[in-house]
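Student: this is a predicted model, with the sequence first.
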Amino acid sequence: MPPAKKLVLIDDDPTLVAYMEGVLKKAGYDVSSALNGQEGLEVAKRVRPDLVLLDMAMPVMHGFQVCTAIRADPELKSVPIVAMSGKSYAVDLKTAKAEGADLYLVKPLTKDQLLDAIERFLPA
């Protein structure tokens with residue numbers, strides 16, 4: 001059996017992180033989490049994930065800045081980034097894409113939306 005795909009989940013809502021971790025671990029993913037952008041970037045550099053789930057509006061380091069930093073890192077630049085936000089403004093979606101997000105999802109997300117988004121980049 002191949003090793004579990006590694007995900008880094010970066011979101012400042014501890015309740016949402018706990019829920020998403022449960023869903024993702026039950027689906028067979030190896031999940032590492034962070035509650036702010038700076039910590040998330042550090043975790044991504046350490047873990048070298050197969051995919052990053054990234055909330056946009058966060059303390060310490062905004063999601064847009066995290067996207068830019070991941071894309072600038074030679075060892076992380078090809079890692080898919082799924083941006084998540086409670087905002088559905090066209091400007092936010094455009095900015096997230098410009099900074100390197102591969103997909104932009106509007107919260108709240110269903111379990112199926114979350115898993116489908118991951119499977120787009122990490123097919124079973």
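Tutor: Great, that's in hand. Numbering: from 1, shown residues only.
Student: now for the residue nearest the centre of the chain: which residues touch it?
Tutor: Centroid-nearest residue in the chain, with CA atoms, centre = their mean: Leu53, separated by 1.1 Å. By CB atoms under 8 Å, 6 or more residues apart in numbering, the contact set of Leu53 is 7-11, 20, 82, 84, 114, 118. Where C-beta positions appear, they are placed from N, C-alpha and C, glycine not excepted.
Student: who's it bridged to?
Tutor: Assessed by DSSP bridges, Leu53 has beta-bridge partners Leu9, Val82.
Student: how deep is Gly63 tucked in, by neighbour count?
Tutor: 26 (other CB atoms under 10 Å).
Student: hang on, I meant Ala72
Tutor: 10.
Student: returning to that earlier point: now the contacts of Leu53 as TSV including pLDDT and distance to His62?
Tutor: Shown next, in TSV, are the contacts of Leu53 (pLDDT from 0 to 100; distance: CB to CB, whole Å):
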residue	pLDDT	distance to His62
Leu7	98	20
Val8	98	16
Leu9	98	17
Ile10	97	11
Asp11	96	13
Met20	95	20
Val82	97	16
Met84	94	13
Leu114	94	22
Ile118	97	23
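Student: let me have the residues you listed in JSON lines, adding distance to Asn36 and neighbour count as columns.
Tutor: As requested, these are exported to JSON lines (distance: CB to CB, whole Å; neighbours: other CB atoms under 10 Å):
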{"residue": "Leu7", "distance to Asn36": "17", "neighbour count": "24"}
{"residue": "Val8", "distance to Asn36": "13", "neighbour count": "28"}
{"residue": "Leu9", "distance to Asn36": "12", "neighbour count": "25"}
{"residue": "Ile10", "distance to Asn36": "8", "neighbour count": "28"}
{"residue": "Asp11", "distance to Asn36": "9", "neighbour count": "24"}
{"residue": "Met20", "distance to Asn36": "16", "neighbour count": "21"}
{"residue": "Val82", "distance to Asn36": "18", "neighbour count": "21"}
{"residue": "Met84", "distance to Asn36": "15", "neighbour count": "27"}
{"residue": "Leu114", "distance to Asn36": "21", "neighbour count": "20"}
{"residue": "Ile118", "distance to Asn36": "22", "neighbour count": "21"}
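Student: right, I'll leave it there.
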